[in-house]
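K.L.:
Would you be able to build a 3D model of this:
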Amino acid sequence: MKKHFTALTLIAIFLIAIPLFTAGINIPKSSDNESSAQKDTELTDMLAYEYNENYCKEGLKAVAIILNSNYKAGEKAKTLSKKGFLKKHKDGKKTYSDLEIICKDTKNLCITYKEKAVKTPYYYITNGACKSEQPYLKAAANPWDLLSADYTYDAKPGVSFYSINEMCKSGMSWKESLNRYFKNVKITAVK
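P.N.:
The predicted structure follows:
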């Protein structure tokens, strides 16, 4: 009886497994899911660190894409965990949830030059200019920085998150605001 039950169990398992393999169903390994979830969390934590309450949704998308490009180009960024974010911001739960959605929407978008992710020098506020020796960056003014209460004349030049956000608040899309700073690049999905 015991041999009969074991044989029936093995046959049942075999009959269940055949359609899975013949249909080509790919059952993801848990490590694949964990790795993808970990990367999603890293981007959200990078965006959480750079977050400012004045940022609009389009501005945050542009910032997330720059951070993601830098990350994919091998640059480590500062992060702020969800727990740390909730302590720092009074409406933290909803805001962090919004950041997660923005990161999910932009997680594969990357700024590429000659098919490689680019590193972009960025600051919250610059000295009013974007200057760089990089062939993919335009020399561009950041006049919005000059109007900020946080502006200082000795700030570094680069891409300004503050100016990107101000452009987006005035109606530009994240893509239009990034085009102000970059030349000969593509914003493409990169895994």
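K.L.:
Tally up the residues packed near the closest residue to residue 134 other than its chain neighbours, please.
P.N.:
The shortest distance from residue 134 to any non-neighbouring residue, by CB to CB, 6 or more residues apart in numbering, is to residue 118 (7.2 Å). C-beta coordinates here come from the backbone N, C-alpha and C atoms, glycine included. For residue 118, the count of nearby residues is 21 (other CB atoms under 10 Å).
K.L.:
swap in residue 184?
P.N.:
10.
K.L.:
Any idea how many residues pack against the closest residue to it other than its chain neighbours?
P.N.:
Once flanking residues are discounted, residue 184 sits nearest to residue 136: 5.9 Å by CB to CB, 6+ apart. Residue 136 has 18 neighbouring residues, counting by other CB under 10 Å.
K.L.:
cool, residue 40 as well?
P.N.:
14.
K.L.:
Which element, helix or strand, includes it?
P.N.:
Element membership for residue 40, per DSSP states H and E: helix 30-50.
K.L.:
if you average pLDDT over that helix, what comes out?
P.N.:
Summarised as a single mean, pLDDT over helix 30-50 is 72.
K.L.:
coming back round to it: verify the contact between the residue nearest to residue 184 and residue 181 for me.
P.N.:
No - Residue 136 is beyond contact range of residue 181, at 9.2 Å (criterion: CB atoms under 8 Å).
K.L.:
Give me the phi and psi angles of the nearest residue to residue 150 once chain neighbours are set aside.
P.N.:
Nearest in space to residue 150, with sequence neighbours left out and distances taken as CB to CB, 6+ apart, is residue 125 at 5.0 Å. Dihedral angles of residue 125 (phi, psi; degrees, to the nearest 10) stand at phi -130, psi 140.
K.L.:
Check residue 189 too.
P.N.:
The phi and psi values for residue 189, taken as degrees, to the nearest 10, are phi -80, psi 120.
K.L.:
got a list of what it touches?
P.N.:
108-110 (CB atoms under 8 Å, 6 or more residues apart in numbering).
K.L.:
neighbour-wise, which of those leads?
P.N.:
Counting neighbours by other CB under 10 Å, residue 110 comes out on top of the contacts of residue 189 with 24 neighbours.
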